[in-house]
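> after the sequence you'll find the predicted model.
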Amino acid sequence: MSLLLYGLISGCVYGLWAASFSLIYRATRIFHVVHAAVFTTAAYGYWVASPLIGQVAAAAFALVLSVVLGVGAELLLYRPLARRGASAVLLFVVSLGAYIVVENTIQLIWGAAPRSVPVPFDSVLQTYVTVLGAGVSALELAEAGVALALWGGLVAFLRWTSLGAAIRAVTIAPELAELSGIKVGQIRVATFAGGSLLIGIAGLMMLMKTGIEPSSGLPVWVVAIVATLIGRASVVGSFVASIGMGLTESAMLIWFPAAWQPAMPVLILLGFLVVDAARARLVTWQGRRLARRNVAG
Amino acid sequence: MSSAQPLPSLSDGLSVRGLHAGYGRKTVLQDVSLDVARGEIVALLGVNGAGKTTFLKTVIGLLARQQGTIHLGGQDIGRRSAAENARGGLVLVPEGARSFHDLTVRENLHISSLIVRDGADFRRRYEEVLDCFPNLTRRLAQKAGVLSGGERQMLAIGRALILRPRILLLDEPFLGLAPVMIGEVVRQLHNLKERLQCGILIAEQHVPTTLKLCDRAFVVRDHGMHAVGREEDGADAESKIVSLLLGTSAAAH
Amino acid sequence: MIVYLYEVVALACIFAIASMSLNLVLGRAGLFSLAHGVLLGIGAYIYGLLTTQAGVSPAVGVVAAVVGTAVLGAALAAVSVHLDEEQFAVTTLAFNLLVVIVLTNWASLTRGAYGVAQIPRLSIGDADPQLMLLLAALLLAALTFVAFRALAKSGFGQLLVASASDPDMVRALGGPVWSLRVRAFAIGSAGAGLAGALFAMQAGYIAPPLFELHLSVLILAMVILGGTRSVGGAVLGAVVLIGIPEALRFAAFNAVSAGPLRQIVFGLLIIVTIYVRLHSKTSRA
């Protein structure tokens, strides 16, 4: 029972990661690895700034930093390279390179040790509550709730606002959107800003819950991209996939030690691909059999 | 070609001069010039790969021009993006009757409301489009992906009309349509020209239909553009165009 | 000083073997693999574990590294070569992460985070072991060059290029696209395994962090820098990308922590490499 609850809670958090990534991925089709760096940068920004300027201002600073980094990657890396005819995989590799630079810059300045901050509103958030017969910290519940609310907000935004409609139009057919008068470049920047804002919030959440280190971002990105691929890149689908991944991970804890946890999304992805490949083979095989029968008949 | 009409004024139309267009350093079109005035229909004829689409994409701003000038209503628009042009009254309906297939018909038409900020104005244009294409009214709540080819072409043109184009560029609007649908689209284009006084440039391979519809025609061949004179009406024009298209000796005169 | 030079040249040869083998996978078969660094790591571990734990001779260890890596590479390719370009890249990236996790956590087999130390080198008589290794690396790099050049020009190589540019056309002509790609990936993995065994000899000590994603990205950058269509270019890319950081005298590569500064240089080199490649391409076109 408690494993189910833990699975749901981490599923919601994964859902936020996936939603933030798929918002960008859908509109741009870029495997934006710098997203992982945005995650850690937000957390380090908060960790550095909060003793100096207080929690609220530090959170604002961290989120501004996230948006600047995400939008900067689009304007300084992807856009000029795409204009020179870089293919999607080349942008992917460039993004990886930029991620490596940011991660190691953080490590160079602040070291590889994990960093954490005191929990805000600790009188409330550090209490334990019993849900479905299992004890969880209020902080974890609150983070799952925030993740769920942000995801719901994103879905509503895409569905009912005109900017959301423009993002959907760019997702479906960028050239046609441009011909309909939508400034595709600006819409792309908007998705980078929005996605970076969301992953920045997720970074702060992880900092408060478990602490963060320079290499924390990449596993987050892997979860996000696996959920996005399995969820067929839709914001709703990737969230559902995230919940499934949270539950699977919980179930895996029964059999595997916790050190193996990072392997979970990777195993799920490989399993998904094997099943997908098998299905494709089955379809061809059935097709061939059908064809043979038709020829015979 | 339809018979003599007063020549419409060029001042608020599209004017292309000495345009070189292509991809990278490869030139597809060399030194081509063309005018489209409001209230006239001009045809751009050419076989596959002649450069019709390249021309339209360059004019609208999807491709960077290599040389030459493009003016709309006297203003230099050579550096504008396609989105800016769409807002400024020069609208391209690309080939293949493309739509945002995952959005409903209503949402497809509303996409343009992002640009037309004035709500009442948008409402009026929206009603106008539905008046023009009553077929779409019944389909408003359906995804654009399920429409028939003809309906999708109407939706594509309708989406362009909400932008209130001064000049409308159409890339192969008849491609893949059933003959009865072609007739319907032709009727609507005439209607647009009369009612909205918009200039229309049609790139097509379908010579007879397009010739009947247009006021003037150009043939794209061998990197260049060849005007077909207004005086050569009817069968003469058609045979001249066919010989131009195919590059037979008749092209010489 | 001369020993240091031997080391750098040997390292350049080792990475030239790795980048030539990735050149077959990427430049011919069009498979954008982000697993090449970890395949090299698998070769290094097979060699290191067999020679230190199982008492296998270095020569047999090298053969086992080549064969073992090829088999694992073939298995990875079998489930992933049907994917589109980007999904394939992500899958190989995931494989990279997975293997590093396994190397770190399956301590009873791999000695986990402690790594494998005192890895023996090929030796003949009393010759200087570093010189021997350098000569072996040079010889094997030359052989690899000849072999991959021949492979690229063979009918197999041409079919690979054809199925990269238009797989449906090749299928329509009866070409076995899937098995072509799996074979190419297996051969490329064999090259990575060879490079890995030599790398283990050169380093003397291996641990999981050496084979994280940055190594795959580095080898990829070598291939891209040299131009994906030329085997010689892959060698050049390896020489340049090994040479630049060495010339800048950053931490020696056989240190366990590759050092953040060195990583930053690699990251920047990758970005600059792609930028320069695209720039020269657009200005030539």
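Nice, I can see it.
> what ranges does the chain have for its helices?
Went with chain A since none was named. For chain A, the helices identified by DSSP state H occupy A:2-28, A:34-53, A:55-72, A:79-83, A:88-110, A:122-125, A:138-160, A:162-172, A:174-179, A:184-209, A:217-230, A:235-255, A:263-296, in order along the chain.
> look at chain B instead
According to DSSP H, chain B carries its helices in the segments B:52-60, B:82-88, B:105-110, B:119-132, B:134-137, B:149-162, B:179-196, B:207-213, B:234-246.
> which other helices and strands contact the fifth one?
Okay, so that is helix B:134-137. The helices and strands touching helix B:134-137, judged by 3 or more C-beta pairs under 8 Å, 6 or more residues apart in numbering or on different chains; DSSP states H and E, are helix B:119-132, helix B:149-162. Where C-beta positions appear, they are placed from N, C-alpha and C, glycine not excepted.
> can you say which of those is nearest to C:Leu133?
With C-beta to C-beta as the measure, helix B:149-162 is the member of these nearest C:Leu133 (66.8 Å).
> average model confidence for that closest one?
Averaging pLDDT along helix B:149-162 yields 87.
> send me stretch B:74-82 as PDB with only the CA atoms.
As requested, C-alpha coordinates have been extracted for stretch B:74-82 and formatted as PDB (Å, rounded to 0.1, in the frame of the first residue of the first chain):
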ATOM      1  CA  GLY B  74       4.700  50.100 -52.800                       C
ATOM      2  CA  GLN B  75       6.500  48.800 -49.700                       C
ATOM      3  CA  ASP B  76       9.700  46.800 -49.800                       C
ATOM      4  CA  ILE B  77       8.900  43.400 -48.200                       C
ATOM      5  CA  GLY B  78      12.000  41.500 -49.300                       C
ATOM      6  CA  ARG B  79      13.200  41.000 -45.800                       C
ATOM      7  CA  ARG B  80       9.900  40.200 -44.100                       C
ATOM      8  CA  SER B  81       9.200  36.800 -42.600                       C
ATOM      9  CA  ALA B  82       6.300  34.700 -43.800                       C
END
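> give me the distance from stretch B:195-203 to the chain's centre.
Centre-to-centre, stretch B:195-203 and its host chain are 7 Å apart (C-alpha atoms, centre = their mean, to the nearest Å).
> what residues does the residue in the stretch 1-150 of chain B that chain A sits nearest to make contact with?
Residue nearest to chain A within the stretch 1-150 of chain B (C-beta to the nearest C-beta): B:Ala86, separated by 3.5 Å. When contacts are counted by C-beta atoms under 8 Å, 6 or more residues apart in numbering or on different chains, B:Ala86 touches A:178-181, B:92, B:115, B:163.
> between those, which is nearest chain C?
After measuring the contacts of B:Ala86 against chain C - C-beta to the nearest C-beta - the closest member comes out as A:Glu178, at 21.7 Å.
> contacting residues for the closest one?
A:184, B:62, B:81-83, B:86.
> any quick PyMOL command for the buried ones out of the residues you listed?
Paste this into PyMOL to select the buried members of the contacts of A:Glu178, with burial taken from 16 or more other C-beta atoms under 10 Å in any protein chain shown:
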select buried, (chain A and resi 184) or (chain B and resi 62+81+82+83+86)
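> now the contacts of A:Glu178 as CSV including pLDDT?
Formatted as CSV, the contacts of A:Glu178 follow (pLDDT from 0 to 100):
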residue, pLDDT
A:Val184, 89
B:Leu62, 88
B:Ser81, 88
B:Ala82, 88
B:Ala83, 87
B:Ala86, 88
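> could I get the helices and strands packed on helix B:134-137 as TSV with mean neighbour count and distance to chain C?
Rendered in TSV, the data for the helices and strands packed on helix B:134-137 read as follows (neighbours: other C-beta atoms under 10 Å in any protein chain shown; distance: least, C-beta to the nearest C-beta, whole Å):
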stretch	mean neighbour count	distance to chain C
helix B:119-132	14	38
helix B:149-162	23	25
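> quick one, helices of chain C?
If DSSP H is used as the criterion, the helices of chain C fall at C:2-23, C:36-53, C:58-80, C:85-105, C:107-110, C:129-153, C:155-165, C:167-172, C:177-203, C:213-226, C:231-247, C:260-284.
> next, the contact list for residue 15, please.
With no chain named, the answer covers chain A. Shown here is A:Gly15, whose contacts under the criterion C-beta under 8 Å, 6+ apart are A:147-148, A:151, A:227, A:238-239, A:242-243.
> was after chain C, sorry
Applying C-beta under 8 Å, 6+ apart, one finds that C:Phe15 lies in contact with C:195, C:219, C:222, C:238, C:241-242.
> of the residues you listed, which is the most crowded?
In terms of neighbours by other C-beta atoms under 10 Å in any protein chain shown, the contacts of C:Phe15 top out with C:Ala195 at 35 neighbours.
> so how far is C:Thr52 from it?
For C:Ala195, the distance to C:Thr52 equals 19 Å [C-beta to C-beta, to the nearest Å].
> same thing with C:Val239?
As judged by C-beta to C-beta, C:Val239 and C:Thr52 stand 30 Å apart.
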